[in-house]
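1. sequence first, then the predicted structure, then my questions.
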Amino acid sequence: MSEREMELWEQYPFEIGKVSRVRGAFLCETKEGLRYLRETGSTEKRLRFENEILKKLTDSTGIPVDSYVENKEGNLITESSDKRTFAVKRWPLGRECDMASSEEILKGAEVLAKLHTGLIQISAETDRETENVEDWREELARHTKELLRTRNYIRKKRHKSDLELQILSGFEGYYEQAREASALAEAEPMAETYLCHGDYTHHHLLVHGNQMAVVDFSHMGWGVPVGDLYLFLRKVMEKHNWNQKLGESLIVRYQKVRPLSDGERRYLEIRLRYPEKFWKQVNYYYNRKKSWVPLRNLEKLQLLEQQKEQQQKFLGEMKAKGIL
């Protein structure tokens, strides 16, 4: 453990045990349970807000979550000697959700539905002063314009890399998908917004016995709850080559706890039709265009192309069954 890390841990009112590194952070064993230290760019007010919501969420749903711990001075944010800011959380026991396990994936969908049920109820009692979310319809329209901007930029280059050639080779098909999905979104009414997790993936689900905890609410904000379901479903489907049986089971398991409205099903379908993974890779390239782009970005685009047919089959089957 470095001197700076020891300096930070010593500002908290618990005895430090074994400390280990975990995904950009440190996990410490204490008599009170696990504690998780990570650098943060958040404000004291934001962390207090998260703690308030998470306390209500646990009380209403029983879902284990992480929460921030006060230091010896009663603050949630601790400053290091080099002026960097850190926070410590109470951390649930468990390992990361196994994406190879259908059982754990479906459990994740069930927990998400319970999470949304609780957050929707809490949203009705929460001040929306801090609400600042881009309308999802405007977001898709903006992303579509960004795709075109990047295509035009690459076309003007005399010498093109393998990544740039890969982007151009599949661009027209993805761009047409983006335009069609954007047009469908534009016809939808304004969606109701509630507090959402904001980054619900397997990385933020911890399994311990029969219990599944949800962690890292740093992206929590006002949005469309089905946006969390969309992200989780898309990540699972990309890992499982758009397996129809698994995808259908995931949506059905969610709906056993929280049925989707017709508008929410349309939202989910439109988001799945929009080529977001392609946009993400293209946007990453454009923002890094003056520096080296890792080989894995080319590999991600190639894998995306390989899965394209399976994705379309999945969407068609879900639509035919009335799942979407």
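-> Happy to help now that I have it.

2. where do the strands sit along the stretch 1-150 of the chain?
-> Counting by DSSP state E, counting those that start in this stretch, the stretch 1-150 of the chain has strands at residues 19-22, 25-30, 33-39, 67-68, 78-79, 85-91, 95-96.

3. compare these and give me the one nearest residue 116.
-> Among these, the nearest to residue 116 by CB to CB is strand 67-68 (19.2 Å). Just so you know, the C-beta spots here come from the backbone N, C-alpha and C atoms, and that holds for glycine as well.

4. adjacent strands (with direction) for the closest one?
-> Here strand 67-68 has these sheet partners by DSSP bridges: strand 85-91 (antiparallel).

5. the strand it pairs with vs strand 25-30, what angle?
-> Relative orientation of strand 85-91 with respect to strand 25-30: 50 degrees, computed using axes from the mean of the first three to the mean of the last three CA atoms, to 10 degrees.

6. what sits up against strand 85-91?
-> The contact list for strand 85-91 (CB atoms under 8 Å, 6 or more residues apart in numbering) reads 8, 12, 27, 32-42, 47, 66-69, 71, 76-80, 215.

7. same thing but 6 Å
-> Residues from elsewhere that reach strand 85-91, judged by CB atoms under 6 Å, 6 or more residues apart in numbering: 8, 12, 34-37, 39-40, 66-69, 76-79.

8. do the same with stretch 257-267
-> So stretch 257-267 is contacted by 110, 113, 114, 116, 117, 226, 324 (CB under 6 Å, 6+ apart).

9. redo that, cut-off 7 Å
-> With contacts defined as CB atoms under 7 Å, 6 or more residues apart in numbering, stretch 257-267 is touched by 110, 113, 114, 116, 117, 188, 191, 224, 226, 324.

10. ranges for the helices of the stretch 101-250 of the chain?
-> 102-123, 136-155, 162-186, 226-239, 244-257 (DSSP state H, counting those that start in this stretch).

11. just flag the most distant two among the contacts of strand 85-91.
-> Longest distance between any two of the contacts of strand 85-91 is 23.0 Å, between 34 and 79; criterion CB to CB.

12. more neighbours, these two?
-> Neighbours were tallied for residue 34 and for residue 79 using other CB atoms under 10 Å; the higher tally belongs to residue 34 (16 against 13).

13. tell me who's in contact with the more buried one.
-> By CB under 7 Å, 6+ apart, residue 34 lies in contact with 27, 91, 93.

14. now do it, the pLDDT please.
-> If you check residue 34, the pLDDT there is 96.

15. any idea what it is bridged to?
-> Going by DSSP bridges, residue 34 forms beta bridges with residue 29, residue 91.

16. do you know how far it is from residue 115?
-> 21 Å (CB to CB, to the nearest Å).

17. before we move on, the earlier item: may I ask which of the contacts of residue 34 has the most neighbours?
-> Within the contacts of residue 34, neighbour counts (other CB under 10 Å) peak at residue 91, which reaches 22 neighbours.
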